[in-house]
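Asker: Structure of the sequence below:
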Amino acid sequence: PSERQLPSGDGLPPPSQPFLDRMEPDLPSAKRPEPDQMDLETYLACRDSD
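Answerer: Residues are numbered from 1 along each chain as shown. The predicted structure follows:
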């Protein structure tokens, strides 16, 4: 078996490129749900308790 040398040091940043026009990723919202909204776990717990 041959030995491999592990890279060390800061190195270069990973390559990146901008997104294509109108092709930005659909990221989840960072906002909290509205007060009149119920999260899924609460809904399922209420539904199962009936």
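
Asker: drop to CA atoms for contacts and neighbour counts, all remaining ones
Answerer: OK.

Asker: burial count for E41?
Answerer: By other C-alpha atoms under 10 Å, the residues close to E41 number 9.

Asker: Report how many residues lie close to Q5.
Answerer: Here the count is done by other C-alpha under 10 Å, and Q5 has 6 residues near it.

Asker: so who does it touch?
Answerer: Residues in contact with Q5 (C-alpha atoms under 8 Å, 6 or more residues apart in numbering): none are found.

Asker: Kindly state the pLDDT recorded for it?
Answerer: pLDDT, the model's per-residue confidence, is 83 for Q5.

Asker: The one 3 residues further on too?
Answerer: With respect to pLDDT, S8 scores 83.

Asker: Over to it. Which of the three states is it?
Answerer: Using DSSP: H, G, I helix; E, B strand; the rest coil, the structure places S8 in coil.

Asker: do R47 as well
Answerer: Put simply, R47 is helix when judged by three-state DSSP.

Asker: and it, how many neighbours?
Answerer: Neighbourhood size, R47 [other C-alpha under 10 Å]: 9.

Asker: Can you give me the distance of it to D10?
Answerer: Summarising the geometry, the distance separating R47 from D10, computed by C-alpha to C-alpha, to the nearest Å, is 53 Å.

Asker: can you give me the helices for this protein?
Answerer: Counting by DSSP state H, the chain has these helices, from start to end: 40-49.

Asker: looking only at pLDDT, what's the mean for stretch 14-23?
Answerer: Per-residue pLDDT values across stretch 14-23 average out to 81.
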